[in-house]
Structures are given as structure tokens and as C-alpha cells.
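S.K.: dropping the sequence and predicted coords here.
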Amino acid sequence: MLRFSCLVLNRGAARRFASSFSSENTLPPNLLLPSNLVDPARLKRPPPPADSSLPLLRKCDAAVPPHLRPVQTWVESLEGKDSEPSGLTELHPDVFAVPPRLDILHAVEIWQKNFKRISHANTKLRSEVRGGGRKPWNQKGSGRARHGSIRSPIWRGGGVSHGPRGPNSYYYMLPMKVRVQGLKVALSSKFAQQYLHIVDSLNIPTADSKDLLELIRHRHWGESALLVDVCQEFPENILQATANLKTVNLIPAIGLNVHSMLKHEAIILTLDTVRFLEEKLLWHDQRYTPLYPFRLPYSDFP
Amino acid sequence: MFGLGGLLRAGSSLFHSAGPLLLPARTISTGTCCQIRMHAIPQPKQVDRWTEKRSMFGVYDNIGILGDFKAHPKDLIVAPCWLKGFKGNELQRLSRKKKMVGDRMMTLDRHNLEKRIRFLYRRFNRSGKHR
């Protein structure tokens, strides 16, 4: 009886064990899928084929290393929710196709979280608590334990001996090239996961936030979007449309950072932003080490 | 005494969901009863992940490398003036505070600051293994 049950159980276990070595991705037979399940592989537009008929709107300004080739993406527009991409653009591989260094991303994200942190937690010491200068009772004779002040840390209402002390800062700086590489890795990861979209400009037909949300939902860009453009003044329409939206945010290109890129699902850059970012981020690959801080004037920079 | 009644009420509400079989015939108290009275499982706190502060966190942190080095990220920190772009242990922070802000401080605060600096200097430089 015991041998028979062992045989039956081992057969089932062997079948389950063998399924882990099957090459194709077979789903388990007892899996129940909901009917409205979303498959991102079918929703997003595939990357442009090599023989696409759309014009190449922008080539890379900087020199591409000979062993790499620029990556190509669609250039879309925010005019109507059904508008097709109007062209292709080339993106520099040293900015948008770097190897995904998750440790650098983590380091930059933790730096962004902590370097601004000031902790204002403060406790009073036994010398700072009001009172407690006099010896409460005589050393000997009263029968009670001996004490020197009523604000010692073992007393109720006394000072804290090893508590947090005053406003405390957690400031540190990562090397500049690490922060630059963090930006490049974030952009490359977003591009590789098809969350990066290039747009010719941020002009939208109406200043309606519902239309903008509808456009983002229709194109399956994600739940949250970050719009980035290089300019001091944004068009009125996009300003008003994003003013009341929580998950769709608008920032200038100077404000781009790893935390915002990780928080928002879709990143939407304009062609000017791409040119700006490539120029700023590629300069660090070829620069000399600074003899004095870069904010002081150099003859050949900016 | 009334803690026991509260336990019974909480227990009965749990047991109603569990089924009639688990209702105890009588509850026994063997001494101390816990003073926690709960009517229900507390609601998880609702955190809005998309407030203005949370969605705009970290913007302009790269103002140096993307903005021609006219500003530094340490200029963005909101902090007391002796802590902007500075990190140190307690003695370093207090001595910097005394240098920068000491003549503006209240007398009691300044007196406590000086006492603490004196204590920390003697502690770090004259006692222990690392001096």
C-alpha cells in the first residue's frame, strides 16, 4: 500500500519536475486568466523596420563610434489621438543604448533620495532639560537610591543620553560621471522597454486634460507620463492641460532626473530635448578632468 | 474585568465569521488580561502617491550637468544655513553652527551649544581608544 502510493506520487512529481525543463513557454494547465487581460507585447507599436518609408527627420549630431550603430525610433505627434508617426529619428547609442547598469541606477536613485535629507529630530540631554541642578535628597540616610539630579536619563522626564542630536544632514555627492551614466542608463532602459516616445513638439489642439489623458490611454503609453521639452516658455495648451493632472507632468529638460524617469511609466521627449540631452551627456565621455570647478570660466567651455 | 468583556465582544465578532462551531462555551481568565481593545482590523492607511511633492520629487537634481554648471544641486537643499551642502559628525556640525550662527543665537541655546562642544571635544580627543 505504502509502496503503491509512493509510486503514484513520484510519477506525478516527476512529470511536474520535467515540465521545468521544457523549452517552449507552456503555461500550467490549471491557470485561470481573466478575460480583460492586457498583453503589452501586442499593444505597443513595434520598433521601425529597416526599410521603413518614413523620412529620417534627424541624424545624430555627434560622431557615432564605428562599432555601434544609431538606434531608430518613430517620431509621433500629440495633435490627434489617431495620428500616425510622421517620421523616424536616430538616437545616439552611447546615450540611448548603453548596457543596463542597475547598480548605477540604484546608486543615483538613493543619492537623489538622501542628499537633500535634513533630519530635524532632536532630543534634550540631561544638561538641557529644564531643572535638575540640585541633588534631590541626601546621599545617605533617606533609604532611597542615590541620585544626583532629577533629569538624569534613568528618571522619568529626564534627558535622553544617546538620542538624535539636532538638525542632521545626509549630504554627499556621487562623482559627476556616475550621475551622468545614471541618466544614460535610465534613458536606455526606458527605451529598451518601449516606454520612451519621441514627439516633434508639444503642441496639442485643445487645452483639455481629458483629451490628453484619452490620447495617452488610446496609445497605451502607460498610467503616468513625463513630458520633457527644452524651452523656458511652454505652449499655453499643454500647460493648462497638465496643470490639473496628477500623473501627467511637464518638466523642462534641465529638470530631467532618474527618480522622475523611474516614477513615471512613459517618458515623452521632443526632438529638441533629444538633441540637448545628447549634447550634454556625450560631452562627459570626452572631457578632461577639471582643474577647477566647471562653474568658473574655462576658455573652451561652454 | 471589563477587559474580559471587550475580549469576549471582539472574540464573538471574529467567531461569527468563523462559524457556529468555534463559539466557546465559556471564556476563562487566568490572571492578567491585555488592555488592547479592538473592534475590527484597522484600515490600511491611504497614501496618495501622486501629490505635487511626490510627483515633482528630484526635479532639478541634475541642474549642474544639464544646466552648464551655473548652479549646483547643493544650492537646492532646504536646510539651516550651516547645514547646506555639509555633512559632519556632531562636533563638526556644532562648531560650524557656532561659527556661522553663534552670535545670533539666544543666550541659553548658545550656552548649551558651548557646553556640548566642550564635552564632545574632551570626549573625542582625550578619552577612549581613538584620540
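M.R.: Received the coordinates, thanks. Numbering: from 1, shown residues only, chains lettered A, B, ... in the order given.
S.K.: use CA for all of it now, contacts and neighbours both
M.R.: Fine.
S.K.: what's around the residue in chain B that chain A sits nearest to, how many residues?
M.R.: Taking C-alpha to the nearest C-alpha as the measure, chain B has B:Tyr60 as its residue closest to chain A, at 4.1 Å. For B:Tyr60, the count of nearby residues is 21 (other C-alpha atoms under 10 Å in any protein chain shown).
S.K.: who's in contact with the residue nearest to it when sequence neighbours are not counted?
M.R.: Setting aside the residues directly before and after it, B:Tyr60 is nearest to A:Gly255 in space (C-alpha to C-alpha, 6 or more residues apart in numbering or on different chains), at 4.1 Å. The contact partners of A:Gly255, taken as C-alpha atoms under 8 Å, 6 or more residues apart in numbering or on different chains, are B:59-63.
S.K.: surely the residue of chain B closest to chain A is within a strand?
M.R.: No: counting by DSSP: H, G, I helix; E, B strand; the rest coil, one finds B:Tyr60 to be coil, located in no strand.
S.K.: measure it to A:Lys140 for me?
M.R.: Computed with C-alpha to C-alpha, to the nearest Å, the distance linking B:Tyr60 and A:Lys140 is 65 Å.
S.K.: repeat that for A:Gly131.
M.R.: For A:Gly131, the distance to A:Lys140 - C-alpha to C-alpha - is 22 Å.
S.K.: how many other residues sit next to the closest residue to B:Arg131 other than its chain neighbours?
M.R.: With sequence-adjacent residues excluded and distances taken as C-alpha to C-alpha, 6+ apart, B:Arg131 is closest to B:Asn125, at 4.5 Å. Other residues lying near B:Asn125 total 11 when counted by other C-alpha under 10 Å.
S.K.: over to A:Arg275?
M.R.: Per other C-alpha under 10 Å, the neighbour tally for A:Arg275 reads 18.
S.K.: shouldn't it be within a helix?
M.R.: Yes: when the secondary structure is assigned by three-state DSSP, A:Arg275 falls within a helix.
S.K.: coming back round to it: what's the average pLDDT for the helix or strand containing the residue nearest to B:Arg131?
M.R.: B:Asn125 belongs to helix B:107-126 when assigned by DSSP states H and E. In this model, helix B:107-126 has an average pLDDT of 97.
S.K.: any idea how far A:Leu56 lies from chain B?
M.R.: Here the criterion is C-alpha to the nearest C-alpha, to the nearest Å. By it, A:Leu56 lies 27 Å from chain B.
S.K.: residues contacting that residue?
M.R.: Neighbouring residues of A:Leu56 by C-alpha under 8 Å, 6+ apart: A:87-90.
S.K.: quick check, pLDDT for the closest residue to B:Lys70 other than its chain neighbours.
M.R.: Of all residues beyond its chain neighbours, the one nearest B:Lys70 is A:Arg295 (5.6 Å), with distances taken as C-alpha to C-alpha, 6+ apart. Reading off the confidence values, A:Arg295 has pLDDT 94.
S.K.: residues in contact with A:Arg295?
M.R.: B:68-71.
S.K.: so it sits in a strand?
M.R.: No: inclusion of A:Arg295 in a strand is not indicated when three-state DSSP is applied; the result is coil.
S.K.: so A:Lys190 sits against A:His197, correct?
M.R.: No: in this structure, A:Lys190 sits apart from A:His197 without contact. The criterion is C-alpha atoms under 8 Å, and the distance is 9.3 Å.
S.K.: overlap in contacts, those two.
M.R.: With C-alpha under 8 Å, 6+ apart as the test, A:Lys190 and A:His197 both reach A:266-267.
S.K.: sorry, back to before: save the contacts of A:Gly255 as CSV, and put in pLDDT and distance to A:Gly163 too.
M.R.: As requested, the contacts of A:Gly255 are exported to CSV (pLDDT from 0 to 100; distance: C-alpha to C-alpha, whole Å):
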residue, pLDDT, distance to A:Gly163
B:Val59, 94, 33
B:Tyr60, 95, 34
B:Asp61, 96, 31
B:Asn62, 96, 34
B:Ile63, 96, 36
